[in-house]
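>>> Sequence below, structure please.
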Amino acid sequence: MPLTHPWPALILGLAVLIVFALPVSYLHLGQTDNGALPTTTQSRQSYDAMTEGFGSGSNGPMLVAVSLSKPAHNDQADLDKLRNQEQKSTQQEISKQQAKAAKEIQQQAEQSKQEAKQKINAEASQKKEEAKKQIEAEAKQQQEKADQQIQAEADEAKQNVGPKGQAAIDKAAQQEIDKQNQAIDQQAQQEMKKQDQSIQKQADQKQAQENKTIEKQVKQQAAKKEKSSGEDDQEKFLESKASDPRLMDLRKEIKKTKGVDKVTYPLVNKKGDAAVYTVTPTTAPSSRATEDLVHTLRNDVLPKATKGKQMEADVGGTTASYIDLASEITNKLPLVIGIVLVLSFLLLLIAFRSLLVPLKAVTMNVFSILASFGVVTYAFNHEWTARLIGLEGPIPIVSYVPLMMFAILFGLSMDYEVFLMTHVREQFKVTGDAHEAVVHGLATTARVITSAAMIMVSVFLAFVINGDPTVKQFGLGMAVAVAVDATVVRCVLVPAIMSLLGSAGWWFPKWLERATPKFSIEGDEWFAEHEATAQPTTPQKVPEQP
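Numbers count the residues shown, from 1 in each chain. From the prediction side, this is the model:
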């Protein structure tokens with residue numbers, strides 16, 4: 001078909017290559033992480049454990065390095081403020097605890113006073129009863145004694161003195177009772193007063209002792225609370241150079257940036273002229289959001305946060321390094337491809353002595369490589385195709401894969417090109433018929449090319465079985481490129497184009513013919529040329545024997 005119907009073959013072949021190459025339009029170079037590895041590997045298990053415990057960004061933290069032209073110093077103002085707050089808080093707590101203890105002790109003292117008063121009153125009442133009974137007993141005894149005296153006296157005296165004596169005795173007894181009660185009451189009052197003074201003195205002593213104990217306990221508790229709450233660490237931090245207000249302001253700006261999960265406090269060297277933060281993003285290392293975060297920090301956040309503060313900040317670390325590598329390869333890949341194409345064009349131009357043949361060769365090679373890039377881009381950027389090749393979901397194209405693929409695949413495709421076009425050129429030089437030369441070249445090389453390609457495709461497809469996603473990308477990309485180059489390009493497009501070009505395909509300007517060196521790919525022309533110019537040697541005549 002390429003020889004009998006070149007135009008349909010050309011259009012069909014180009015259509016296939018264009019369809020395969022279309023996904024290249026959204027090709028984005030990045031990096032993979034351990035989250036794309038098989039779940040049976042320890043690296044993947046470690047990745048999942050880190051993601052579950054600390055977030056996916058913990059698998060690829062970034063470093064922000066700061067260079068300070070003016071050395072860092074501690075934040076003395078915040079340190080003094082913190083110490084004043086701690087002292088004030090401790091004093092307030094001491095006063096609160098002392099007031100509470102004083103109230104409790106005063107309540108205990110009042111209760112003790114009431115109990116002592118009740119006890120003394122009970123004792124006084126008991127003494128009063130006992131004294132009353134004793135006095136009444138003594139009065140009765142005196143009365144009996146008086147009765148005995150009166151009995152011994154005369155009846156007249158007995159009659160006159162009896163009632164009066166009884167009244168006098170009763171009166172004297174009552175006076176004695178009142179006197180005794182008054183003395184007991186007075187003694188009880190003195191005892192109560194003395195007891196109150198003793199209780200109050202003990203309460204005051206207990207209060208003073210309790211105040212000292214409370215002050216000591218509160219200070220100990222405050223120190224313990226300060227240590228457990230991190231205030232002690234905060235004080236130590238404010239004493240260090242890491243508390244420099246410039247560094248703390250920079251940390252705040254980084255922390256409030258969208259996509260940042262955590263930012264550590266800065267680690268400052270002894271001189272104070274260098275510091276470093278560890279920044280943990282909210283997204284995985286391979287995520288486009290992580291890449292956007294790196295660009296945001298570099299282009300927006302850090303320049304604004306360090307402007308006019310005598311310091312500079314840069315984003316680094318493994319994650320940022322891979323992003324830089326991808327960016328560098330993306331920027332330089334077109335240049336690399338361009339240089340290789342130009343050098344290949346010049347080499348083929350000298351080898352085949354034609355302008356259109358090398359132009360066609362490099363163009364077709366580019367198409368086959370773009371087709372492989374497109375297939376790889378589509379396969380690894382869509383859910384269903386990623387699962388077909390053994391992945392759990394889409395992953396980015398590793399930055400160095402296209403570069404390595406281009407170097408390998410361009411060499412393979414150029415090898416097929418030289419192999420095919422050498423036979424075509426040799427036949428064309430013999431017959432001068434461009435169409436017959438293409439038929440002959442295709443007939444003699446097609447089987448060899450397709451057989452070699454089949455072997456290479458089988459080998460490359462075996463890479464897809466590997467669990468490493470980078471190896472899968474290499475395998476799939478090179479298998480597609482070799483298959484497309486050996487079938488669509490070498491067996492369809494090249495014959496169709498050469499048939500359409502005819503003898504014009506071998507046109508070469510005379511001035512360029514004279515300006516370029518001549519050499520043969522396989523060396524046949526060089527040997528033929530030197531054999532033709534070699535002078536024939538005349539054999540010497542051997543004299544006859546007599």
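>>> For residue 263, which residues are in contact?
For residue 263, the contact set (CB atoms under 8 Å, 6 or more residues apart in numbering) comprises 251, 254, 255, 277, 278, 279, 280. C-beta here means a position set from N, CA and C on the backbone, and glycine is covered the same way.
>>> What separation do you get for the third one and residue 49?
Which is residue 255. 25 Å (CB to CB, to the nearest Å).
>>> Same question for the first one.
In this structure, residue 251 and residue 49 are 28 Å apart, going by CB to CB.
>>> Neighbour count for the two, which is higher?
Comparing residue 251 with residue 49 by other CB atoms under 10 Å, the one with more neighbours is residue 251, at 20 against 12.
>>> who are the neighbours of the strand or helix carrying residue 412, in terms of helices and strands?
In this assignment (DSSP states H and E), residue 412 forms part of helix 400-431. The criterion is 3 or more CB pairs under 8 Å, 6 or more residues apart in numbering; DSSP states H and E, and the helices and strands that helix 400-431 contacts are helix 318-352, helix 356-380, helix 434-463, helix 469-484, helix 494-501.
>>> what comes up buried for it?
Under the neighbour-count criterion of 16 or more other CB atoms under 10 Å, helix 400-431 has 400-403, 405-406, 408-410, 412-414, 416-428 buried.
>>> Can you check what angle separates that helix from helix 356-380?
150 degrees (axes from the mean of the first three to the mean of the last three CA atoms, to 10 degrees).
>>> Run the angle between helix 400-431 and helix 494-501 for me.
Helix 400-431 runs at 50 degrees relative to helix 494-501, counting by the same axes, to 10 degrees.
>>> what about the nearest residue to residue 244 once chain neighbours are set aside, which SS state?
Among residues not flanking residue 244 along the chain, residue 72 sits closest, at 3.9 Å (CB to CB, 6 or more residues apart in numbering). At residue 72 the chain is in coil, as set by DSSP: H, G, I helix; E, B strand; the rest coil.
>>> what's residue 72 in contact with, if anything?
241, 242, 244, 246, 247, 268, 272, 273, 275.
>>> Residue 67 looks like it's in a strand, true?
Yes: Residue 67: assigned to a strand according to three-state DSSP.
>>> give me the number of residues near residue 380?
Quick note: residue 380 (other CB under 10 Å) scores 26 neighbours.
>>> er, residue 260 I mean
If we define neighbours as other CB under 10 Å, then residue 260 has 20 of them.
>>> Is it bridged to anything, and to what?
Residues in a beta bridge with residue 260, per DSSP bridges, are residue 281.
>>> just checking, it touches residue 292?
No: at 11.9 Å, residue 260 and residue 292 do not qualify as touching, with contact defined as CB atoms under 8 Å.
>>> mind giving me the domain ranges of the protein?
According to automatic domain parsing, the chain is divided into the following domains: 64-74+241-316, 77-231, 331-527.
>>> check contacts around residue 480.
Contacts of residue 480 by CB under 8 Å, 6+ apart are 20, 371, 372, 375, 376.
>>> hang on, the earlier thing: and which of the contacts of residue 72 is nearest residue 180?
residue 242 (85.9 Å; CB to CB).
>>> From residue 62, how far off is that closest one?
Counting by CB to CB, the gap from residue 242 to residue 62 is 19 Å.
>>> Who has more neighbours out of the two?
Taking other CB under 10 Å, residue 242 and residue 62 do not tie; residue 62 has more neighbours (26 against 20).
>>> would you list every one of the strands in the stretch 201-350 of the chain?
Counting by DSSP state E, counting those that start in this stretch, the stretch 201-350 of the chain has strands at residues 260-263, 267-268, 274-281, 311-316.
>>> Out of those, which is closest to residue 465?
Nearest to residue 465, of the strands of the stretch 201-350 of the chain and by CB to CB, is strand 274-281 at 32.7 Å.
>>> Does anything pack onto that closest one? Which helices or strands?
When contacts are defined as 3+ CB pairs under 8 Å, 6+ apart, strand 274-281 packs onto strand 62-68, helix 245-255, strand 260-263, strand 267-268, helix 288-296.
>>> Redo the strands of the stretch 201-350 of the chain as CSV? Include mean pLDDT and distance to residue 177.
Compiled in CSV, the strands of the stretch 201-350 of the chain are given as follows (pLDDT from 0 to 100; distance: least, CB to CB, whole Å):
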stretch, mean pLDDT, distance to residue 177
strand 260-263, 94, 91
strand 267-268, 91, 94
strand 274-281, 94, 95
strand 311-316, 93, 101
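>>> winner for burial among these?
Most buried of those by mean neighbour count (mean count of other CB atoms under 10 Å) is strand 274-281; its value is a mean of 21.
>>> circling back to that earlier point, of all the domains of the chain, which one is nearest residue 13?
Across the domains of the chain, closest to residue 13 is domain 331-527 (CB to CB), at 4.2 Å.
>>> how about low-confidence regions in the stretch 401-546 of the chain?
Along the stretch 401-546 of the chain, segments meeting pLDDT under 70 span 519-546.
>>> Let me know the distance separating the closest residue to residue 461 other than its chain neighbours from residue 16.
Excluding the flanking residues, the one nearest residue 461 by CB to CB, 6+ apart is residue 479, at 4.8 Å. Using CB to CB, residue 479 is found at 16 Å from residue 16.
>>> So for those two, which residue has more residues nearby?
When neighbours are counted by other CB under 10 Å, residue 479 and residue 16 differ, and residue 479 comes out ahead with 22 against 18.
>>> hang on, the earlier thing: tabulate the strands of the stretch 201-350 of the chain (CSV), appending distance to residue 396.
Converted to CSV, the strands of the stretch 201-350 of the chain look like this (distance: least, CB to CB, whole Å):
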stretch, distance to residue 396
strand 260-263, 21
strand 267-268, 31
strand 274-281, 15
strand 311-316, 19
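>>> can you put the domains of the chain in a markdown table and add distance to residue 55?
Output for those, formatted as a markdown table (distance: least, CB to CB, whole Å):
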| stretch | distance to residue 55 |
| --- | --- |
| domain 64-74+241-316 | 6 |
| domain 77-231 | 22 |
| domain 331-527 | 18 |
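>>> shouldn't residue 505 be in contact with residue 353?
No: taking contacts as CB under 8 Å, residue 505 lies outside contact range of residue 353: 11.4 Å.
>>> who has more neighbours, those two?
Higher neighbour count among residue 505 and residue 353: residue 505, with 24 against 18, using other CB under 10 Å.
>>> quick one: the more buried one is in a strand?
No: under three-state DSSP, residue 505 falls outside any strand and is assigned helix.
>>> For it, give its distance to residue 406.
Distance from residue 505 to residue 406, counting by CB to CB: 26 Å.
>>> do the same with residue 259
33 Å.
>>> mind listing what residue 402 touches?
27, 29, 329, 333, 373, 477.
>>> Count residues in the vicinity of the first one, would you?
For residue 27, the neighbour count with other CB under 10 Å is 17.
>>> again, but for the last one
By other CB under 10 Å, the residues close to residue 477 number 30.
>>> Quick check: phi and psi on residue 273?
phi -110, psi 10 (degrees, to the nearest 10).
>>> in terms of contact, does it touch residue 65 like I think?
No: taking contacts as CB under 8 Å, residue 273 lies outside contact range of residue 65: 11.7 Å.
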